[in-house]
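Chemist: give me a model of this one.
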Amino acid sequence: MRTIRLLTAATCLVLLPSTAAAGATDDDAVAAPAVAAAIKVVPVKTGLNVPAAFTFSAAGNIWYLEKGTGEIHVLRPGTGKNRLFGKISNVDASGERGALGIALHPRFPATPYLYVYVTRTDKGAIRNELLRIRSDAGHMAGFRVLFRWKVSLATNHNGGRILFGPDHKLWIVTGENANPQNSQVKTNLRGKILRMNGNGSIPKDNPFGTRIWSFGHRNSFGFTFDPKTGRLWETENGPECNDEINLIVKGGNFGWGPNENCNGTAPHDTNNSGPKPRHLPKTYFPTPIAITGAAFCIGCGLGASVNGDLVFGDWNTGSIRAVNLNVTRRGFSAAQRILIGTGSNGVMSIETGPNHRLYFSRPNGIYRLAAA
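Modeler: Got it, this is the predicted structure:
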């Protein structure tokens, strides 16, 4: 199976976009992209140390994580002022491990909690953990581990994106830790999308009576809610074929598991494991791009041709792309377009900031998309 080590540049392959059939619709391969004009990249803060994940406070400040050090910083976009909030101890940043996801409580700072998904060495074992961190006078004042699990010797496929949804529940995507069987086993949390309350407890309306919302996932670095419908969309890395964009269904099986292969009829070949029905991607990339963060452009200031689109990044080519949703907003109506072309560094996270503007991170900084 192909391994994408997102933050280890020496192991990343630069792959060209697919030249599959034009006109991406439900379950269709993404066509070779057209390049969109008149969009520029505005640096917000450069010289950073791998800001793998970031989020915005209601005041418009950027809270970001350093993948390797576990440091949490608060950045003021207007002034560039950058201060250290605190540091998580014992971070293991081997391969795709590290400080991977950050979210603020929806009522922050009145409810003074932030959440971090991180790989740590704890009590002699390496674990993926969800931490709830308390803010006291603007500084880190200890944390509580809400849940954890041991990781295997494999350093890849940890997932890590976390986000509070429109339901005010905390959502997390986890990788299958390089073992496809994990995705189909509902007694562990690997290869799943998880949903929980802010204290880590299980919501009563979850489908299996656990934190699991959907299963059959390989490894993901991005998901986002459509502000127009509330539906959840996820980007997912395939093996040596079939990076995916999925519309997530409650209790759904997305088919990754031990029967996967890249030799059959795409995308069925990589989504052929576990119980039926199996939900196929709404679109996919036969040649992987190492798809990463995603956000919706709703009044994001990039012009009418992008408004309403799903915008997403990739690691292999360092591009940011957009694709139109169809009338029902349950699938896609057109081929992808490249908003910004190949960069020297891959794209990690994409977030919506003040005034609905779109921001993204690369290993050396945080940037904003703007009309040229």
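
Chemist: stretch 123-142: end-to-end distance?
Modeler: 17 Å (C-alpha to C-alpha, to the nearest Å).

Chemist: what ranges do the strands span in the stretch 1-150 of the chain?
Modeler: Listed in chain order, the strands of the stretch 1-150 of the chain (DSSP state E, counting those that start in this stretch) span 28-29, 34-35, 39-46, 51-56, 62-66, 71-75, 82-87, 99-104, 113-122, 125-136, 139-150.

Chemist: got the contact list for the residue nearest to residue 263 when sequence neighbours are not counted?
Modeler: Distances taken as C-beta to C-beta, 6 or more residues apart in numbering place residue 269 nearest to residue 263, at 6.4 Å, with adjacent residues excluded. All C-beta spots, glycine's among them, are computed from the backbone N, C-alpha and C. Shown in contact with residue 269 (C-beta atoms under 8 Å, 6 or more residues apart in numbering): 241, 242, 260, 261, 262, 263.

Chemist: just the residues you listed: which are in helices?
Modeler: With helices defined by DSSP state H, no entry of those lies inside them.

Chemist: just the buried ones from those residues, in PyMOL syntax?
Modeler: Typed into PyMOL, the line below selects the buried ones among these, using 16 or more other C-beta atoms under 10 Å:
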select buried, resi 241+242+260
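
Chemist: which of the contacts of residue 269 sit farthest apart?
Modeler: 242 and 263 (11.7 Å; C-beta to C-beta).

Chemist: correct me, but residue 221 touches residue 291?
Modeler: Yes: if you go by C-beta atoms under 8 Å, residue 221 and residue 291 touch, sitting 7.5 Å apart.

Chemist: so which of the two has more stuff around it?
Modeler: residue 221 (33 against 28; other C-beta atoms under 10 Å).

Chemist: quick check: closest non-adjacent residue to that one.
Modeler: Per C-beta to C-beta, 6+ apart, closest to residue 221 is residue 292, 4.4 Å.

Chemist: now swap in residue 207 and tell me
Modeler: Excluding its sequence neighbours, the residue lying closest to residue 207 (C-beta to C-beta, 6+ apart) is residue 251, at 3.4 Å.

Chemist: could you count how many residues lie near that neighbour?
Modeler: 11.

Chemist: how close does it sit to residue 203?
Modeler: 13 Å (C-beta to C-beta, to the nearest Å).

Chemist: residue 59: neighbouring residues, count only.
Modeler: Neighbours around residue 59, by other C-beta under 10 Å: 10.

Chemist: which SS state does residue 181 fall under?
Modeler: Classification of residue 181 using DSSP: H, G, I helix; E, B strand; the rest coil returns helix.

Chemist: quick check, it in contact with residue 260.
Modeler: No: applying C-beta under 8 Å, one finds residue 181 not in contact with residue 260, separated by 10.5 Å.

Chemist: residue ranges in the stretch 1-150 of the chain under the pLDDT threshold?
Modeler: Low-confidence regions of the stretch 1-150 of the chain, defined by pLDDT under 70, span residues 1-37.

Chemist: at 50 what do you get?
Modeler: Within the stretch 1-150 of the chain, the set of residues satisfying pLDDT under 50 comprises 1-27.

Chemist: quick check, central residue of this protein?
Modeler: residue 222 (1.7 Å; C-alpha atoms, centre = their mean).

Chemist: tell me the contacts of that one?
Modeler: 161, 234, 235, 291, 292, 293, 294, 312, 313, 349, 350.

Chemist: wait, which of those residues is closest to residue 211?
Modeler: Among those, and counting by C-beta to C-beta, the member closest to residue 211 is residue 161, at 15.1 Å.

Chemist: quick one: that closest one from residue 324, how far?
Modeler: In terms of C-beta to C-beta, residue 161 sits 23 Å off from residue 324.

Chemist: neighbour count winner among these two?
Modeler: residue 161 (26 against 17).

Chemist: and stretch 196-210, how far out from the chain's middle?
Modeler: 21 Å (C-alpha atoms, centre = their mean, to the nearest Å).

Chemist: state the mean pLDDT of that stretch.
Modeler: Regarding stretch 196-210, the rounded mean pLDDT is 97.
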